[in-house]
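Student: just coords:
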Ligand SMILES: Cc1ncc(COP(=O)(O)O)c(C=O)c1O
């Protein structure tokens, strides 16, 4: 195979793909798993494929991938296509290195340090530290790990003693990764206490304090409280200021999970939702969500320098860390050894758009969510399921003919997804299914939201018509 021919063909395909991402194209060319398995000829044989086959593999992969840059991709908390970040990511893949030492990643080390300092300046951590890691879930894990090691330093060497009865507190609607983290750390998922939230999805501070008191009475040892800055389903921001008063009173580690909504800190208009962030001890922020940086791009920030280093058990590693430069090797504070370069794509994007560009982007996303909410409130068959605080709009369609709303809305969502017009997600609030529309793509405009609602309503109406016919045939 000619590398040159393959490269120039692939650049052509990339350009075509980027141009095509815009809107008239389907968001997905849906195939069921067995037919996709056949189309892709997914099994790998012993013989190398020829050049033509290799080029075809590229076309097919692109054809059947979900077009997450398409503005009708409203399904997940990440989306969009970010040109400077894409270029940054391409360059880091091209120059393929690992983030552990300055020796092999000099420019990337300088850039990661710069980005952590910049992000810390927004968090209000003047003496802060931080590390890019493999996502918000792992950020939550490392935050809990750091808090545990601060409280019980010996557990690093002797293991965690269960009779210590450590317990963690989170919003009942917080991300599931906290339970996984407790599981991994030996604390146990059952020792993650879920604190009641109000109808808007925000943790109720009084409930937190009562839960802490109750735990102490039960002989348990509270050590870690997580506030969520935009919960996964409702996009709710916990009241950090009020919760910080409680964690201060009991001497607990306060962590902010801003994996989804942390980027709002860049908006002068809306950053009040994170008021009090400087009182937290750690903060997870995922630029791969609302800043539309390609996955994965996620940082754990900690208020106090040296804390992350303290997690690492044994640095008797002269085969890798030679301390030959005056700059610290970032690997010394990471629980990973090999680590992907994730700060550079963010650096490219942040330089390209500037803080001002990102502030506008956050404001626009909130406006788009607001626009969707207004349409829903003004439509007789659409109903908001919970008060909206930020980027997520939770609603459902109220079907005619006494259909079960859960089944009916699920049918709309599935039909819409498979049609390729729009992909939107859903979740459950108690027993009620809610459609969750997320404004995450910074380029969204009102017409994209209106287009989505039109597709959604048309799908609902076609299902209703179909069901009326089905009812008539039955009777
Ligand atoms: C609030 C919240 N925390 C944590 C996570 C996990 O982040 P990641 O997918 O980067 O692991 C998510 C993911 O959606 C989230 O919404």
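Tutor: Everything's here; your move. Remember, predicted model here, so these are calculated numbers, not experimental data. Residues are numbered from 1 along each chain as shown.
Student: Within range of the ligand, give me the residues from the stretch 201-350 of the chain.
Tutor: Proximity of the stretch 201-350 of the chain to the ligand (Cβ under 6 Å from any ligand atom) is limited to residues 228, 231-232, 257, 259-260, 286, 298. For glycine as for every other residue, the C-beta is placed from the backbone atoms N, C-alpha and C.
Student: again, only this time at 5 Å
Tutor: 232, 257, 259-260 (Cβ under 5 Å from any ligand atom).
Student: now, which of the residues you listed sits nearest residue 145?
Tutor: Proximity of those to residue 145 (Cβ to Cβ) peaks at residue 257, which lies at 14.4 Å.
Student: Quick check: end-to-end length of stretch 156-163?
Tutor: The first residue of stretch 156-163 is 16 Å away from its last residue (Cα to Cα, to the nearest Å).
Student: which non-adjacent residue is nearest the residue in the stretch 251-400 of the chain positioned nearest to the ligand?
Tutor: Relative to the ligand, the nearest point of the stretch 251-400 of the chain is residue 259 (3.4 Å; Cβ to the nearest ligand atom). Take residue 259 and drop its neighbours on the chain: the residue closest to it by Cβ to Cβ, 6 or more residues apart in numbering is residue 136, 2.7 Å away.
Student: does the ligand sit close to stretch 381-394?
Tutor: No - on the criterion Cβ under 5 Å from any ligand atom, stretch 381-394 is out of touch with the ligand, staying 9.8 Å away.
Student: same question, stretch 167-187
Tutor: Yes - looking at stretch 167-187 against the ligand by Cβ under 5 Å from any ligand atom, the contacts come from residue 175.
Student: Show the average pLDDT along that stretch.
Tutor: In this model, stretch 167-187 carries a mean pLDDT of 98.
Student: And stretch 25-39, by the same measure?
Tutor: 94.
Student: Need the residues that contact it.
Tutor: With contacts defined as Cβ atoms under 8 Å, 6 or more residues apart in numbering, stretch 25-39 is touched by 42, 60, 63-64, 66-67, 70, 72-73, 417-423.
Student: residues touching the residue of the stretch 51-200 of the chain found nearest the ligand, list them.
Tutor: Nearest residue of the stretch 51-200 of the chain to the ligand (Cβ to the nearest ligand atom) works out as residue 136 at 2.6 Å. By Cβ under 8 Å, 6+ apart, residue 136 lies in contact with 175, 177, 257, 259-260, 284, 286, 298.
Student: Save those as a markdown table, and put in neighbour count and secondary structure too.
Tutor: Shown next, in a markdown table, are the contacts of residue 136 (neighbours: other Cβ atoms under 10 Å; DSSP: H, G, I helix; E, B strand; the rest coil):
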| residue | neighbour count | secondary structure |
| --- | --- | --- |
| 175 | 22 | coil |
| 177 | 23 | helix |
| 257 | 31 | strand |
| 259 | 25 | coil |
| 260 | 29 | coil |
| 284 | 31 | strand |
| 286 | 26 | coil |
| 298 | 25 | strand |
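Student: for those residues, which one is nearest residue 376?
Tutor: residue 260 (20.8 Å).
Student: what are the ranges of the strands in the protein?
Tutor: Secondary structure of the chain (DSSP state E): strands at 73-74, 129-133, 166-171, 192-195, 221-228, 253-258, 282-285, 298-302, 382-384, 392-397, 423-429, 432-438.
Student: What's the local residue count around the nearest residue to residue 10 once chain neighbours are set aside?
Tutor: Excluding the flanking residues, the one nearest residue 10 by Cβ to Cβ, 6+ apart is residue 58, at 6.0 Å. The tally of other residues near residue 58 (other Cβ atoms under 10 Å) stands at 15.
Student: is it true that residue 58 touches residue 12?
Tutor: No - Residue 58 is beyond contact range of residue 12, at 10.0 Å (criterion: Cβ atoms under 8 Å).
Student: Return the residues in contact with the residue lying closest to residue 389 once chain neighbours are set aside.
Tutor: In space, and not counting its chain neighbours, residue 389 is closest to residue 236: 5.2 Å by Cβ to Cβ, 6+ apart. By Cβ under 8 Å, 6+ apart, the contact set of residue 236 is 171, 173, 197, 200-202, 228, 230, 389-390.
Student: Out of those residues, grab the one that's most surrounded.
Tutor: Neighbour counts for the contacts of residue 236 (other Cβ under 10 Å) peak at residue 228, which has 31 neighbours.
Student: In this structure that residue contacts residue 239, no?
Tutor: No - in this structure residue 228 lies outside contact range of residue 239 using Cβ under 8 Å: 11.0 Å.
Student: joint contacts of the two?
Tutor: Joint contacts of residue 228 and residue 239 (Cβ under 8 Å, 6+ apart) are residue 203.
Student: Next one: the residue nearest to residue 126 when sequence neighbours are not counted from residue 430, what distance?
Tutor: The shortest distance from residue 126 to any non-neighbouring residue, by Cβ to Cβ, 6+ apart, is to residue 120 (7.5 Å). From residue 120 across to residue 430, the span is 39 Å (Cβ to Cβ, to the nearest Å).
Student: try residue 276
Tutor: Applying Cβ to Cβ to residue 276 and residue 430 gives a distance of 29 Å.
Student: model confidence over stretch 124-135, on average?
Tutor: Across stretch 124-135, the average pLDDT comes to 98.
Student: and if you look at stretch 306-319?
Tutor: pLDDT averaged over stretch 306-319 gives 82.
Student: how far out from the middle of the chain is that stretch?
Tutor: Relative to the centre of its chain, stretch 306-319 is centred 28 Å away, using Cα atoms, centre = their mean, to the nearest Å.
Student: So which residues make contact with stretch 237-253?
Tutor: So stretch 237-253 is in contact with 143, 146-147, 150-151, 171, 202-203, 205, 208-209, 212, 222-225, 227-230, 254, 256, 261, 264, 273-277, 279-282, 389-390, going by Cβ under 8 Å, 6+ apart.
Student: List buried residues within those residues.
Tutor: 143, 146-147, 150-151, 171, 202-203, 205, 208-209, 212, 222-225, 227-230, 254, 256, 261, 264, 273-274, 276-277, 279-282, 389-390 (16 or more other Cβ atoms under 10 Å).
Student: List the buried residues of the helix ranked longest in the chain.
Tutor: Using DSSP state H to assign secondary structure, the helix with the most residues in the chain is helix 343-377. Buried residues in helix 343-377, defined by neighbour count with 16+ other Cβ under 10 Å: 343-350, 353, 358-366, 368-369, 371-373, 375-376.
Student: same check, this time on stretch 54-67
Tutor: Judged by neighbour count using 16+ other Cβ under 10 Å, the buried positions of stretch 54-67 are 55, 66-67.
Student: Which of these fall in helices?
Tutor: Of the buried residues of stretch 54-67, the ones assigned to helices by DSSP H are residue 55.
Student: Just the residues contacting stretch 393-404, thanks.
Tutor: Residues outside stretch 393-404 that contact it (Cβ under 8 Å, 6+ apart) are 233-234, 369, 372-373, 376, 381-386, 388, 405, 408-409, 412, 427, 429, 432-439, 456-457, 460, 464, 467-468, 471.
Student: Quick one: end-to-end length of that stretch, please.
Tutor: With Cα to Cα as the measure, stretch 393-404 spans 21 Å from end to end.
Student: model confidence over that stretch, on average?
Tutor: Per-residue scores along stretch 393-404 average to 93.
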